[in-house]
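J.: For reference, the sequence and a predicted model appear below.
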Amino acid sequence: MLEVETPVLCAAGAVDEHLDPIPAAWHPAGDPARKEPRWLVTSPEHSMKRLLAAGSGPIYQITRAFRDGERGRLHNPEFTIIEWYRPGLDHLALMDEVEALVRALLAGLLETGSGPRPFRRTAYRDAFRRAMGLDPFLEPVEGLARAARERGLSADAAAGRDSILNILLAVAVEPDLGRDAPEFLVDYPPSQAALARVREGDPPVAERFELYIRGLELANGYHELLDAREQERRFREANVRRREAGKVELPIDGRLLRALEAGLPACAGVAMGFDRIVMLATGARSIDEVLAFPIERA
């Protein structure tokens, strides 16, 4: 696998309702009268896919990523990410690779008296049923909002289905994921498949996974979408939702779309939060404990 380095300052990045890049500006040739907008990337995904489309083969990098508005016990606006892509693999095969890496990084933590703990795979739908007794695919949005309010959360049906599901996932479902053994959450609602393929079925599901250990999300992976037109449609829909939420619309990455048109090889990719791996390895309760300079001291 080839190690690569891609820009953290780009003309465009992911258009996602819930992820906000940090804006910057570039003065070409040092001309203060000219200013071109740039963004600090929320992930190196777009640039890495352009390399894949150019024939790089399997690639990885360890780099910095930036997300505006994210700060808390588990979040710092600047953080370290491990991201890699495997042509020829789907998300199921990539989960095996993620498991092997995490076992190597957290070997002592995952051992029991009877040997290594097995990694479970749980469908998004089943996780909600287990934790809340409701079906996230079939429950009306009013019922989801009511379930949130019953847990003391501020939620209104007008916020939209995905926003309420994300709140419920964070508060009612995530804390028990990976509690006894590492757990992959798989088969998300199609509306939560920003860059993943959707598999037909009843209901259709996004070929996406996240890995949890002790309630902590460590990785987010996709069986990658290859269709440029579908990707553009999703970006445009995300911008509509951003506008409705009072957020700034983001530029659509035409370079990524052209790479998809040229031919992205069938592949799976995953991003892993390195700082959270260090948190688990050291027993830290806050990301501040594993950063030399959190944002307030940067």
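T.: Here it is on my side, so go on. Predicted model, so just to flag it, every value in this text is computed and none were measured.
J.: Is there a neighbour count for the closest residue to Ser56 other than its chain neighbours? I'd like the number.
T.: Spatial nearest neighbour of Ser56, chain neighbours left out: Leu2 (6.2 Å); criterion: C-beta to C-beta, 6 or more residues apart in numbering. Placement of C-beta: from N, CA and C, glycine included. By other C-beta atoms under 10 Å, 11 other residues sit near Leu2.
J.: shouldn't Leu2 be in contact with Ala54?
T.: No - Leu2 is beyond contact range of Ala54, at 12.0 Å (criterion: C-beta atoms under 8 Å).
J.: thinking again about what came up before, would you check how far apart the residue nearest to Ser56 and Trp84 are?
T.: Distance from Leu2 to Trp84, counting by C-beta to C-beta, to the nearest Å: 10 Å.
J.: shared neighbours, those two?
T.: Taking C-beta atoms under 8 Å, 6 or more residues apart in numbering as the contact rule, Leu2 and Trp84 both touch 58-60.
J.: got the residue ranges for the strands in the stretch 101-250 of the chain?
T.: In the stretch 101-250 of the chain, the strands defined using DSSP state E, counting those that start in this stretch lie at 111-112, 115-116, 120-123, 183-188, 198-199, 205-213, 216-223.
J.: then the longest one to CSV, C-alphas only?
T.: What that stands for is strand 205-213. What follows is strand 205-213, C-alpha atoms only, in CSV (Å, rounded to 0.1, in the frame of the first residue of the first chain):
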residue,chain,number,x,y,z
VAL,A,205,-29.5,0.4,3.1
ALA,A,206,-26.3,2.4,2.7
GLU,A,207,-23.1,0.2,2.6
ARG,A,208,-21.5,2.1,5.4
PHE,A,209,-20.1,1.1,8.7
GLU,A,210,-18.8,2.7,11.9
LEU,A,211,-16.7,1.0,14.6
TYR,A,212,-17.4,1.5,18.3
ILE,A,213,-15.4,0.4,21.3
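J.: So which residues lie in contact with it, not counting its own?
T.: Residues outside strand 205-213 that contact it (C-beta under 8 Å, 6+ apart): 90-91, 95, 98, 102, 106, 109, 119, 121, 123-124, 174, 177-178, 182-190, 192-193, 196-199, 217-223, 272, 280.
J.: mind running it again at 7 Å?
T.: 91, 95, 98, 174, 177-178, 182-190, 192-193, 196-199, 217-223, 280 (C-beta atoms under 7 Å, 6 or more residues apart in numbering).
J.: How far away from the center of its chain is it?
T.: Taking the mean of its C-alpha atoms, strand 205-213 sits 9 Å from the chain's own mean (C-alpha atoms, centre = their mean, to the nearest Å).
J.: next one: the fifth one
T.: Here the centre of strand 198-199 is set off from its chain's centre by 17 Å, with C-alpha atoms, centre = their mean.
J.: and that strand, which strands flank it?
T.: strand 205-213 (antiparallel) (DSSP bridges).
J.: Run the angle between the partner strand and strand 183-188 for me.
T.: Counting by axes from the mean of the first three to the mean of the last three C-alpha atoms, to 10 degrees, strand 205-213 points 160 degrees away from the direction of strand 183-188.
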